[in-house]
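*Asks:* Need the 3D shape of this:
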Amino acid sequence: MLALFNFFKKFLRLFVDFAMVIQIVVAIVLFTFIMYWFFDLINFQILAFLTPVANNITVFMHSYFEESLNKGVNETDGSLFLFVMFLFVVIGALSQLKIYTVSAENRVSRKIDKIKSKNEDEFNAQLRAEADQAILAYRNVVLIVKLTAYKRTIDDMRTDEEKEKEHKEMVDRLVCEFYSRVKEAPCCKFAKSGDQLVVTLKGFTHVNKLLYYTEKALEDLRAEMRKENWIMKFYAAIDAFDDKVLLKDVYYDLQILLKLNLYNEIICYGNFCNRYYMEPKNMFEAYLKGVYDTTEPENVWTLVKKY
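*Replies:* Okay, the predicted model is just below:
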């Protein structure tokens, strides 16, 4: 349908251009014979070379109008005058025809624009549907939480080795405590990697529960550490992926997020946000943290609990 309208529009444009050329030619002929007729009336033969053409026009006009145009006022042949008037009519008719044709061309253009707009809307809707299907394929989740803690008071009486040992023991304790509080999250598997706890989730529908257990456990641990005169910080990053992506690649990407050192908040890439907002209910809101230079400039988001 669109190809037909485009062809029709081109035909109308070609017709307008053709009519313009004919109109210019007729205007030139009109001006030439007006001048010839005028010079002939005053017996000035500057355009005498057009006499054969004028005679043929006279014969042609007389063959159609006979005696009514044989003689005009003062014995002047009116055939050329009638021919000039005919040319005026032709120019006027061509002008009107151009107006109607341009109007038709505009209507066809508007129709083409509507068809294009409809086709673009359908195409965009198809792209959105395909993008949604691709995002919905992100059924798996990886959450990495890195824990660290520092004493509020400095004990100068102990050696660095003793302080390092105490710090390591506290971090190990925090990782174990954190695991004991989030292990009830459904469909999750856990793995300890130094001062990090790696959580993998099969089934994105349970991500709200994982985030809820994680946020609550971290807040409770921070409160408990304050009572013991410790300051706890955590670094957390989460991402979603489909079955085609290797877990080690997701782990690598999350380590890049953790290296941004954005502490005491759960951060993620835009892919996770897109997938998260396709869930019917969201316990967390994603806010743009900023654009960070990871392997390339990347939008980084932070997840904040709604209620």
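*Asks:* When you work out contacts or count neighbours from here on, use the C-alpha atoms and nothing else.
*Replies:* Fine.
*Asks:* Strands along the stretch 101-250 of the chain, start to end?
*Replies:* Per DSSP state E, counting those that start in this stretch, the stretch 101-250 of the chain carries strands over the ranges 140-151, 188-193, 196-202, 230-241.
*Asks:* quick one: average pLDDT of the third one?
*Replies:* It stands for strand 196-202. For strand 196-202, mean pLDDT is 94.
*Asks:* relative to strand 188-193, how tilted is it?
*Replies:* 160 degrees (axes from the mean of the first three to the mean of the last three CA atoms, to 10 degrees).
*Asks:* by how many degrees do strand 196-202 and strand 230-241 diverge?
*Replies:* Counting by the same axes, to 10 degrees, strand 196-202 lies at 30 degrees to strand 230-241.
*Asks:* any idea how far strand 196-202 is from the chain center?
*Replies:* Its chain's average C-alpha position is 35 Å from that of strand 196-202, according to CA atoms, centre = their mean, to the nearest Å.
*Asks:* I'd like to know which elements that strand is packed against.
*Replies:* Contact analysis of strand 196-202 by 3 or more CA pairs under 8 Å, 6 or more residues apart in numbering; DSSP states H and E lists strand 140-151, helix 160-182, strand 188-193 as its packing neighbours.
*Asks:* Geometric centre of the chain: which residue is closest?
*Replies:* By CA atoms, centre = their mean, the chain has its centre lying nearest to residue 124, at 9.0 Å.
*Asks:* From residue 117, how far off is that one?
*Replies:* Plainly put, residue 124 is 10 Å away from residue 117 if you go by CA to CA, to the nearest Å.
*Asks:* ok, now residue 270?
*Replies:* From residue 270 to residue 117 the distance is 29 Å (CA to CA).
*Asks:* still on that earlier bit, now the strands of the stretch 101-250 of the chain in JSON lines, please, with extra columns for distance to residue 36 and mean neighbour count.
*Replies:* As requested, these are exported to JSON lines (distance: least, CA to CA, whole Å; neighbours: other CA atoms under 10 Å):
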{"stretch": "strand 140-151", "distance to residue 36": "91", "mean neighbour count": "21"}
{"stretch": "strand 188-193", "distance to residue 36": "101", "mean neighbour count": "14"}
{"stretch": "strand 196-202", "distance to residue 36": "95", "mean neighbour count": "20"}
{"stretch": "strand 230-241", "distance to residue 36": "87", "mean neighbour count": "22"}
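*Asks:* can those strands go into JSON lines with extra columns for distance to residue 84?
*Replies:* Below are the strands of the stretch 101-250 of the chain laid out as JSON lines (distance: least, CA to CA, whole Å):
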{"stretch": "strand 140-151", "distance to residue 84": "85"}
{"stretch": "strand 188-193", "distance to residue 84": "95"}
{"stretch": "strand 196-202", "distance to residue 84": "89"}
{"stretch": "strand 230-241", "distance to residue 84": "82"}
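*Asks:* so which of the ones you listed comes closest to residue 33?
*Replies:* strand 230-241 (82.8 Å; CA to CA).
*Asks:* what's the helix or strand harbouring residue 257 in contact with?
*Replies:* Assessed by DSSP states H and E, residue 257 sits inside helix 247-258. With contacts defined as CA atoms under 8 Å, 6 or more residues apart in numbering, helix 247-258 is touched by 142, 144, 235-239, 241, 267-268, 294.
*Asks:* can you rerun that using 6 Å?
*Replies:* Contacts to helix 247-258, defined as CA atoms under 6 Å, 6 or more residues apart in numbering, come from residues residue 237.
*Asks:* and what of stretch 138-145?
*Replies:* 196-204, 235-242.
*Asks:* what do you get if the cut-off is 8 Å, keeping everything else the same?
*Replies:* Taking CA under 8 Å, 6+ apart as the rule, stretch 138-145 contacts 196-204, 207, 234-243, 250-251, 254, 275.
*Asks:* same thing with stretch 280-295?
*Replies:* 208, 212, 256-257, 273, 276, 297-307.
*Asks:* could you flag which of those are buried?
*Replies:* Listed as buried from these are 208, 257, 273, 276, 299-304; burial here means 16 or more other CA atoms under 10 Å.
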